[in-house]
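Enquirer: Next input, structure requested:
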Amino acid sequence: MTYEKYLDFDRNELLEKLQAVMSQKRYNHVLGVEKAAVRLAGLYHFDKEKAGLAGLVHDYAKEVSDQEFLDLIDRYHLDPELKNWGNEIWHGAVGIYKIREELGLTDEEILHSIAVHTVGSAAMTKLDKIVYVADYIEQNRHFPGVEAAREIAEQSLDKAVAYETAHTVAHLAGKGVKIYPQTIETYNAYIDYLKND
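Expert: Residues are numbered from 1 along each chain as shown. Here you go, the predicted structure:
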């Protein structure tokens, strides 16, 4: 895959750009998500190139400073409520504007999947689900429940979204931190998929 259908340069140049803006650990992670997204695209009959590119660039803005995100929120007149959150929300929802500016990526379906890759949404496209799930199950992830998540991802994207969202909500609630409203909407929209066993 070259990704030249979506960018003005090829995958090798994209990899150089990614390495310039992220740590080695984050770079390994995005390569893992690219691989997982391509696999899921194959399983669920979706465009592998589109899924791979979305997976590869989903964390492009992960290591951007808080101030740069705040500036982007102002510059693009985004919802001021976003300022009450942090990097976990910003690197997707706000990060897509940095991706547009610096990589010239304009495909709206890919950008939307990146925007919601940490919080989900009540109505996710197939690509949204692929990136959301690939980010959670990629080969470099090691945490309780990830093996079950990988198995579920082989059976149903909807069930995988439900499983991951339920575990994310439980994790955040256990830490006693605020949960982004869109994450709760995702949980409510998908949780019934886990009851169909």
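Enquirer: From Glu34, how far off is Met22?
Expert: To Glu34, Met22 is 13 Å away according to Cβ to Cβ, to the nearest Å. Placement of C-beta: from N, CA and C, glycine included.
Enquirer: And Asn84, by the same measure?
Expert: Distance check for Asn84 against Glu34: by Cβ to Cβ, it reads 32 Å.
Enquirer: out of those two, which sits in the more crowded spot?
Expert: Taking neighbours as other Cβ atoms under 10 Å, Asn84 and Glu34 compare with Glu34 leading, 24 against 10.
Enquirer: for this protein, which spans come out with low pLDDT?
Expert: Applying pLDDT under 70 to the chain flags the ranges 196-197.
Enquirer: Just want the phi and psi numbers for the most centrally placed residue in it.
Expert: With distances taken as Cα atoms, centre = their mean, the residue of the chain nearest its centroid is His117 (2.7 Å). Dihedral angles phi and psi of His117 (degrees, to the nearest 10) take the values phi -70, psi -20.
Enquirer: Can you list the residue ranges for helices in this structure?
Expert: With DSSP state H, the ranges of helices along the chain come out as 11-21, 24-43, 48-57, 66-75, 87-93, 95-103, 108-115, 126-137, 146-153, 157-175, 181-190.
Enquirer: Nearest approach to Met1 belongs to which of those?
Expert: helix 48-57 (5.0 Å; Cβ to Cβ).
Enquirer: how big is the angle separating the closest one from helix 108-115?
Expert: Orientation note: helix 48-57 sits at an angle of 30 degrees relative to helix 108-115 (axes from the mean of the first three to the mean of the last three Cα atoms, to 10 degrees).
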